[in-house]
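Asker: any chance you could fold what I've pasted below:
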Amino acid sequence: MSKRKRAREDRVDWVRCWPFLALHLGCLGAFFTGVTTAAIVTAVVLYVVRMFAITGFYHRYFSHRTFRASRAVQFAMALIGTTAVQRGPLWWSAHHRHHHAVSDREDDLHSPRQQGFWRSHVGWFMTPAAYRTDERRVGDWAKYPELRFLDRHDWIGPVALATILFLAGGWTMLVWGFCVSTVVLYHATYTINSLAHRIGSRRYETGDDSRNNFVLALLTLGEGWHNNHHRYAASARQGFFWWEIDLTYYGLRLLALLGLIRDLRPVPARVLAEAPGRRLRKELP
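Answerer: Numbering: from 1, shown residues only. The predicted structure is shown next:
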């Protein structure tokens, strides 16, 4: 690829990113609509539900296959995941698998070491270089036509959710339940690319800058135990020890108890034993 073409691919395409910008501007509507208790509760519930769809399924299921689910469950959770407006499950998992392959090296599109904070936080996915879904990285999921459909038409879920919220509660519900909730969800998720590679503690030497951060773990339902995750990404849990709160894992355990998912992969004893001062010989459940 020529330097000129590479520069075009790496330049933020503000025109194509108008929906992302519009959602941020939509939050300003809160000054005109006011707020209700119902709107706040809806915003919080949708934040948690959609964050779980991203962390539990887009990330731990589609990107790392840390447990098993039926085809119906994987489609339902992929659909819910699209309502977080972070594109489709194939696009998301393909980029995340690429990140793990080249973490904090030159080809990592969202490394704060290589790209700087703002580029790692938001700029990287606003460029033509990041628009495409590399199906070579997600051949295991690309065989499902319904997942390919959601990936191509990832606008369906968000539009349907926004419409339902508007019909249920007018502009107030649309602004708080969709715009505000989604934008907060955006930036909480993005901190794992930016802040979790800069601020926090390092339990394991992983060859990248990943860190564990308690505050980010709370905001993202457990994703803040990022150094743990980069040491052993194949586990369904990222809070390796009992005191590391991992709400996504607790939700996955509940789904497993209900029979909706199965075969959650544990953290091996050998990985736990690597932690400084630890002499663990059993796998955590």
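
Asker: in the stretch 151-285 of the chain, which segments are predicted with low confidence?
Answerer: 277-285 (pLDDT under 70).

Asker: which residues of it fall in helices?
Answerer: 156-173, 181-190, 214-219, 226-231, 247-257, 269-273 (DSSP state H, counting those that start in this stretch).

Asker: need the pLDDT of the residue nearest the centre of the chain.
Answerer: What sits nearest the mean C-alpha location of the chain, by CA atoms, centre = their mean, is residue 54, with 4.4 Å. On pLDDT, residue 54 comes in at 98.

Asker: please renumber so the chain begins at 15
Answerer: Let's use 15 as the start, then, which means that last one is residue 68.

Asker: turn the helices of the stretch 165-299 of the chain into CSV, columns for mean neighbour count and distance to residue 114.
Answerer: C-betas here are computed from N, CA, C, even on glycine. Output for the helices of the stretch 165-299 of the chain, formatted as CSV (neighbours: other CB atoms under 10 Å; distance: least, CB to CB, whole Å):
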stretch, mean neighbour count, distance to residue 114
helix 170-187, 16, 26
helix 195-204, 20, 16
helix 228-233, 18, 18
helix 240-245, 25, 7
helix 261-271, 18, 18
helix 283-287, 15, 16
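
Asker: for residue 210, find the nearest of those.
Answerer: Nearest of the helices of the stretch 165-299 of the chain to residue 210, taken as CB to CB: helix 240-245 at 4.0 Å.

Asker: return the distance of that closest one from the chain's centre.
Answerer: 15 Å (CA atoms, centre = their mean, to the nearest Å).

Asker: repeat for stretch 175-192
Answerer: Mean-position distance between stretch 175-192 and its chain equals 23 Å (CA atoms, centre = their mean).

Asker: and the contacts of that stretch?
Answerer: 40-41, 43-44, 46-50, 52-54, 56-57, 60, 97, 172 (CB atoms under 8 Å, 6 or more residues apart in numbering).

Asker: contacts only, for the closest residue to residue 135 other than its chain neighbours.
Answerer: Nearest residue to residue 135, sequence neighbours excluded (CB to CB, 6 or more residues apart in numbering): residue 208, at 4.0 Å. Going by CB under 8 Å, 6+ apart, residue 208 touches 124, 126, 131, 134, 135.

Asker: filter the contacts of stretch 175-192 down to the buried ones.
Answerer: 40, 41, 44, 47, 53, 56, 57, 60, 97, 172 (16 or more other CB atoms under 10 Å).

Asker: which helices and strands sit right next to the host helix or strand of the fifth one?
Answerer: Under the assignment given by DSSP states H and E, the secondary-structure element containing residue 53 is helix 51-66. Packed against helix 51-66 by the contact rule (3 or more CB pairs under 8 Å, 6 or more residues apart in numbering; DSSP states H and E) you find helix 85-96, helix 170-187, helix 195-204, helix 261-271.

Asker: surely residue 68 is in contact with residue 95?
Answerer: Yes. With contact taken as CB atoms under 8 Å, residue 68 and residue 95 are classed as touching, separated by 5.8 Å.

Asker: overlap in contacts, these two.
Answerer: Joint contacts of residue 68 and residue 95 (CB under 8 Å, 6+ apart) are residue 106.

Asker: among the helices of the stretch 165-299 of the chain, which is nearest residue 255?
Answerer: Of these, nearest to residue 255 by CB to CB is helix 283-287, at 7.7 Å.

Asker: who wins for proximity to residue 35 among the helices of the stretch 165-299 of the chain?
Answerer: Checking the helices of the stretch 165-299 of the chain against residue 35 by CB to CB gives helix 195-204 as the closest, at 10.7 Å.

Asker: using CSV, list the CA coordinates for that closest one.
Answerer: Extracted as CSV, the C-alpha positions of helix 195-204 are listed here (Å, rounded to 0.1, in the frame of the first residue of the first chain):
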residue,chain,number,x,y,z
SER,A,195,-27.2,5.7,27.9
THR,A,196,-25.4,4.8,24.6
VAL,A,197,-22.8,7.6,24.8
VAL,A,198,-21.9,6.7,28.4
LEU,A,199,-21.7,3.0,27.3
TYR,A,200,-19.5,4.0,24.4
HIS,A,201,-16.9,5.8,26.5
ALA,A,202,-16.9,3.2,29.3
THR,A,203,-16.2,0.5,26.8
TYR,A,204,-13.5,2.5,25.1
